[in-house]
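Trainee: got a sequence here, can you model it:
(one chain, ligands or ions: 1)
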Amino acid sequence: MEAALPPLTPSTLYLVATPIGNLEDITLRALRVLRECDVVAAEDTRHSGQLLKHFGITKPLLSYFQFNEARRSEEIIERLRRGEKVALVTDAGSPGISDPGERVVKAAIAAGLRVEAVPGPCALVAGLTASGLPTEVFHFVGFLPHKSGQRRNRLEALKTIAATLVFYESPYRIEKLLGELNEVYPDRDVVLARELTKKFEEFLRGKPAALLEIAAKRALKGEFVVLVAGAA
Ligand code: SAM
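Mentor: Take a look at the predicted model:
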């Protein structure tokens, strides 16, 4: 464990993990990096502005989102080349896990610049570790495609993987996913990790058919990590 706090390194891109619901989950190091960096590149400047405000941090924010990632990446690389310390945050969790981040990381590395992760909350890890399913080997799928045929093909292709499968899913498609799991994986144990770290956090465990029954009785709202037991 290191107690000393060296100053931030110039020309470094810091990937700062932020809470996935519970604001207490921000790390001391994340706060220090956000306080001491030159600029915060955010997926959504309004959302991250609120987070900074909550922690009493005032910092210039730079919009960095999927539709202008290429142009913004260039700008971030330019700033890093000038010696700036840039903190990259996304709306929740660890930047680069099913959200923007990957492009600028690649660009920074290609430009010979330093990239550091400031680890912290990640829905995948929170969901997996509390699921009760094997954690030794897991396969992170993230979001499935939107189109039914493509989703189905992807699920079929994952059938032989001997690892816990981890999906992200939006509340609008959670029932659809349960229906698909019921068709492709009727005998597998499934865990719905809902609203992790938030007031209404819950884990629903069972075979897809049993979870579909629950969904038929009450609307499943909020954010979900869906975990499926791997092939035997
Ligand atoms: N980068 C984030 C991370 O490290 O987890 C994930 C960003 S991705 C755009 C958002 C998805 O993560 C949500 O649709 C949901 O599947 C999952 N997620 C985020 N927060 C969550 C929470 N509190 N509970 C359950 N799932 C969550």
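Trainee: flag every buried residue along the lowest-mean-pLDDT helix or strand in the chain.
Mentor: Counting by mean pLDDT, DSSP states H and E, the weakest-scoring helix or strand in the chain turns out to be helix 69-81, with a mean of 89. Neighbour counts over helix 69-81 (16 or more other C-beta atoms under 10 Å) mark 69, 72-73, 75-77, 79-80 as buried. In short, each C-beta sits where N, CA and C put it, glycine included.
Trainee: next: stretch 175-184.
Mentor: 175, 177-178, 180-182, 184.
Trainee: where does pLDDT dip in the protein?
Mentor: Low-confidence segments of the chain (pLDDT under 70): 1-4, 66-67.
Trainee: in the chain, what residue is nearest the ligand?
Mentor: For the chain and the ligand, the shortest gap (C-beta to the nearest ligand atom) falls at G93, measuring 2.4 Å.
Trainee: what residues are up against that residue?
Mentor: 17-20, 99, 120-123 (C-beta atoms under 8 Å, 6 or more residues apart in numbering).
Trainee: please repeat the previous calculation with a cut-off of 7 Å.
Mentor: 17-18, 20, 121-123 (C-beta atoms under 7 Å, 6 or more residues apart in numbering).
Trainee: how about the residues of this protein by the ligand?
Mentor: Contact residues, the chain versus the ligand (C-beta under 6 Å from any ligand atom): 20-21, 90, 92-94, 97-99, 122-124, 168-170, 193, 195-198, 223-225.
Trainee: out of the residues you listed, which end up buried?
Mentor: 20-21, 90, 92-94, 97-99, 122-124, 168-169, 193, 195-197, 223-225.
Trainee: quick one: buried residues of stretch 206-220?
Mentor: Across stretch 206-220, burial judged by 16+ other C-beta under 10 Å covers 207-208, 211-212, 215, 220.
Trainee: how is this structure divided into domains?
Mentor: 2-121, 124-228 (automatic domain parsing).
Trainee: ranges for the strands of this protein?
Mentor: Under the criterion DSSP state E, the chain carries strands at the ranges 12-16, 39-42, 61-63, 86-89, 114-118, 138-142, 164-169, 190-194, 202-206, 224-228.
Trainee: so which of those is the most surrounded?
Mentor: Of all the strands of the chain, strand 86-89 carries the top mean neighbour count, a mean of 28, counting by mean count of other C-beta atoms under 10 Å.
Trainee: could you dump it to PDB, C-alpha only?
Mentor: The C-alpha trace of strand 86-89 is given here as PDB (Å, rounded to 0.1, in the frame of the first residue of the first chain):
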ATOM      1  CA  VAL A  86      -6.500  15.000 -18.600                       C
ATOM      2  CA  ALA A  87      -9.100  13.100 -16.500                       C
ATOM      3  CA  LEU A  88     -11.600  11.100 -18.600                       C
ATOM      4  CA  VAL A  89     -14.900  10.200 -17.000                       C
END
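Trainee: direction included, what does that strand pair against?
Mentor: In the sheet, strand 86-89 lines up against strand 12-16 (parallel), strand 39-42 (parallel) (DSSP bridges).
Trainee: may I see those organised as JSON lines, with distance to I57 added?
Mentor: Shown next, in JSON lines, are these (distance: least, C-beta to C-beta, whole Å):
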{"stretch": "strand 12-16", "distance to I57": "11"}
{"stretch": "strand 39-42", "distance to I57": "8"}
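Trainee: can I get the contacts of G93 in a markdown table including distance to A130?
Mentor: Below are those laid out as a markdown table (distance: C-beta to C-beta, whole Å):
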| residue | distance to A130 |
| --- | --- |
| A17 | 18 |
| T18 | 20 |
| I20 | 13 |
| P121 | 13 |
| C122 | 13 |
| A123 | 11 |
